[in-house]
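**Student:** let's see this in three dimensions:
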Amino acid sequence: MELKHIPKLLVTMFGPRRFQLFLVVFLSFIYLLLMMWNLRSVNTLVEIHTNTVMKDNGRDPGRERPLIWIWATNTKTLNKLTHVMSVAQSMGMEFGHPMSATHRSWDIMWAFDYPFYNPVSTILPHQKVNHLPGNGCFLNKITFAKTFSQRSYVPKSYTFPEDKERFTKDIETDNPEKLYIYKYKSHRNINIVDPKNINWKKIDSGDFMIQEFIHNPYLIDNRMFDIGVYCVITSINPLRVYMYQDEILVRFTGEDYEPFNPKATPSYVIGDTYTGVWDMPSLKDYFNKFKMSRKTALFAYLQQRGVDTQLLWQRISDVIADVVVSVEQDLDANRKKSFPESHQTNFYEFIRVDFIIDNLLKLWVMEINMSPNLSSDKTPNNKQMYEMIAYDVLSLVGAVDLQPTRRITRTDEEDGMTESSRTSFPHCATKCSQCPTDVLDCQLCEGCATREQLRTMRHAHAEHLAKRNFNRIIPPPLATEEQRNINYINATDLSDNNKLSFTWFQLQCKLNMHWCY
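**Tutor:** Residues are numbered from 1 along each chain as shown. Got it, this is the predicted structure:
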């Protein structure tokens, strides 16, 4: 009997309804098997790295090493963390996960997907996770567009049906030639739409958002490009944020922008198969011949055309700081919903903020990526950059120094640094000798600081010593004498914890200039 006759035979034997039921059950069973195989593949991949590092490291197998848990919901997203794995291996870390034969309490987790509340619902004091609980308040693309749409650096955005009235009013009063980007909320199938030709029935379904199209991008070799800036939020209360200085991601579209054609999406949408600086006629010599970084190559080109790149970089820093400050209270509240105050140092967030520049040199934030891609499979030239960034992130958050389980909770005597390196300031010997409770900055002094404040200073101290190619943007850098003499204690827009943190860095800066940044 031929295979093509089997379905007809089954329908004849069981009837149409029973056959449909059988088909649904059978396909569900196959889907379940595929999901189980996919999970097995993820675990197997991590186990391969585990066995490789145990085999190749050459260390005493009886000696415990820091254990990193690299997690993703499937192998496709796990592959985007290729260079995190290679860097962790080179650092001598052990790989593992709750289902591995080598399982013990992990030290640091690097998750591509959001890990709360599955698989992480509880956490031990020493453990570090590379996401902040409730980070959707600014990393969810729809929420970001709605929250920041009125900011000068975010294109006007509309979600439906709630913004329908505002949108119809805006298109009546704005430039009639203005175009908009028409997106699914999943951010696939991006197209430009003329407001005169909008399918309102489709939009009212609620599956779409509309964003103003930046029609005048700055072009290099007739190509539109974006700039990806890497940042790490290491603490929320108090707030500490670092921005990567040595490199940026620079991506060009695959097709020329002009003459402009709304139907030619590769001319204005930058996808995974973007064009790198190494292939751009005006930039490739900087990168290939003179071995400049992407950032240096781009800035050298812009400087030759009269652009103040130092001011541009400062504006990028200011925008990122404004975004994080705006959601600081939400992030702190979201963390408190799930984890106690004692666990506020367990979480950090590594992000990439994508900007475009228009031909008036105005910055626009296009999106913020929760888990930046760190795989160079499609862009081999990015391998060194991704490994360098991954190493510096792990260094910043303490993984380079990490020893198993107890290191992050070590006491001041155990951490090898004297308390005086963090709490000996001139004002401590005068107005704080008796630790008056009504003088806030006395909490930065030996004998007056609380256990919690000592822990905060210890973490800030360790981060500064391990920041490598990151510079601090919150608390703000202190480049000028005026900035070094700001009275943060009396600031009305800072929480007490931030007043203390900002003042602590300021005092350290006055003692040693390398603390100013």
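
**Student:** from here on, just use CA atoms for contacts and neighbour counts.
**Tutor:** Noted.

**Student:** could you list the buried residues of stretch 267-276?
**Tutor:** 267-270, 274-276 (16 or more other Cα atoms under 10 Å).

**Student:** need these in TSV with distance to Pro477, can you?
**Tutor:** Output for the buried residues of stretch 267-276, formatted as TSV (distance: Cα to Cα, whole Å):
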residue	distance to Pro477
Ser267	38
Tyr268	35
Val269	35
Ile270	33
Tyr274	34
Thr275	34
Gly276	31
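
**Student:** redo those as CSV? Include distance to Glu463 and pLDDT.
**Tutor:** Shown next, in CSV, are these (distance: Cα to Cα, whole Å; pLDDT from 0 to 100):
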residue, distance to Glu463, pLDDT
Ser267, 41, 95
Tyr268, 39, 94
Val269, 37, 92
Ile270, 34, 92
Tyr274, 34, 95
Thr275, 35, 97
Gly276, 32, 98
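
**Student:** of these, which belong to strands?
**Tutor:** The strands, defined by DSSP state E, take in nothing from the buried residues of stretch 267-276.

**Student:** closest to Gln344 out of those residues?
**Tutor:** Ile270 (36.3 Å; Cα to Cα).

**Student:** contacts only, for the closest one.
**Tutor:** The neighbours of Ile270, taking Cα atoms under 8 Å, 6 or more residues apart in numbering as the test, are 225-226, 251-254.

**Student:** ok, and the most crowded of the residues you listed?
**Tutor:** Phe252 (28 neighbours; other Cα atoms under 10 Å).

**Student:** that one bridge partners, please.
**Tutor:** Phe225, Thr275 (DSSP bridges).

**Student:** begin at 197 from here
**Tutor:** Yep, numbering from 197; the last one is Phe448 now.

**Student:** gap between it and Glu563?
**Tutor:** 16 Å (Cα to Cα, to the nearest Å).

**Student:** now do Pro576
**Tutor:** Distance, Pro576 to Glu563, by Cα to Cα: 24 Å.

**Student:** more neighbours, those two?
**Tutor:** The neighbour comparison of Pro576 against Glu563 (other Cα under 10 Å) goes to Glu563, with 19 against 9.

**Student:** phi, psi for the nearest residue to Gln323 once chain neighbours are set aside please.
**Tutor:** Distance criterion Cα to Cα, 6 or more residues apart in numbering; nearest residue to Gln323, sequence neighbours excluded, is Asp303 at 4.9 Å. Dihedral angles phi and psi of Asp303 (degrees, to the nearest 10) take the values phi -100, psi -40.

**Student:** let me know how buried Asp303 is, in neighbour terms.
**Tutor:** Asp303, neighbours per other Cα under 10 Å, totals 26.

**Student:** quick check, it in contact with Ile266.
**Tutor:** No: with contact defined as Cα atoms under 8 Å, Asp303 does not count as touching Ile266 (11.1 Å).

**Student:** hmm, who's touching stretch 584-600?
**Tutor:** Under Cα under 8 Å, 6+ apart, the answer for stretch 584-600 is 260-263, 279-280, 283-284, 287, 302-304, 428, 430, 544, 546, 570, 604, 658-660, 662-666.

**Student:** let's verify Lys379: helix, strand, or coil?
**Tutor:** The three-state assignment at Lys379 reads strand, by DSSP: H, G, I helix; E, B strand; the rest coil.

**Student:** find the nearest non-adjacent residue to it, please.
**Tutor:** Here the residue nearest Lys379, using Cα to Cα, 6+ apart, is Ile386, at 4.9 Å.

**Student:** contacting residues for the one you found?
**Tutor:** Contacts of Ile386 (Cα under 8 Å, 6+ apart): 377-380, 461, 465.

**Student:** next one: it from Pro455, what distance?
**Tutor:** 19 Å.

**Student:** coming back round to it: check the contacts of Ile466 and tell me the two furthest apart.
**Tutor:** So, the contacts of Ile466 by Cα to Cα: farthest apart are Asp422 and Gly450, at 12.4 Å.

**Student:** what's the burial count for Asn578?
**Tutor:** 17.

**Student:** how close does the residue nearest to Gln323 get to Gly594?
**Tutor:** 10 Å.

**Student:** likewise Ser301?
**Tutor:** Counting by Cα to Cα, the gap from Ser301 to Gly594 is 17 Å.

**Student:** over to Tyr376?
**Tutor:** Tyr376 is 44 Å from Gly594, by Cα to Cα.

**Student:** same check on Ile564?
**Tutor:** 24 Å.

**Student:** which residue sits closest to Pro671 in space, ignoring its chain neighbours?
**Tutor:** Leaving aside its chain neighbours, Pro671 sits nearest to Phe698 (5.3 Å; criterion: Cα to Cα, 6+ apart).

**Student:** er, Tyr440 actually
**Tutor:** Excluding its sequence neighbours, the residue lying closest to Tyr440 (Cα to Cα, 6+ apart) is Phe666, at 4.4 Å.

**Student:** and the one you found, what does it touch?
**Tutor:** For Phe666, the contact set (Cα under 8 Å, 6+ apart) comprises 438-442, 588.

**Student:** again with Ser489
**Tutor:** Applying Cα under 8 Å, 6+ apart, the residues near Ser489 are 442-443, 483.

**Student:** below-threshold pLDDT in the stretch 547-696 of the chain: ranges please.
**Tutor:** Counting by pLDDT under 70, the stretch 547-696 of the chain shows low-confidence ranges at 596-617.

**Student:** do a quick rundown of the helices in it.
**Tutor:** 579-592, 616-619, 647-661, 677-680, 692-707 (DSSP state H, counting those that start in this stretch).

**Student:** from what I see, Val549 and Val561 are in contact.
**Tutor:** Yes: checked against Cα under 8 Å, the pair Val549 and Val561 is within contact range at 7.1 Å.

**Student:** buried ones in stretch 513-528?
**Tutor:** Per 16+ other Cα under 10 Å, stretch 513-528 contains these buried residues: 513, 515-517, 520-521, 523-524, 526-528.

**Student:** do the same with stretch 476-493
**Tutor:** 479-483, 488-493.

**Student:** same question, stretch 536-552
**Tutor:** For stretch 536-552, by 16+ other Cα under 10 Å, it's 539-552.

**Student:** in strands, which of those residues fall?
**Tutor:** Reading strands off the buried residues of stretch 536-552 with DSSP E, I get 545-552.

**Student:** Serialize the residues you listed to CSV and add fields for distance to Lys352.
**Tutor:** Shown next, in CSV, are those (distance: Cα to Cα, whole Å):
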residue, distance to Lys352
Glu545, 26
Phe546, 26
Ile547, 22
Arg548, 21
Val549, 18
Asp550, 16
Phe551, 15
Ile552, 15
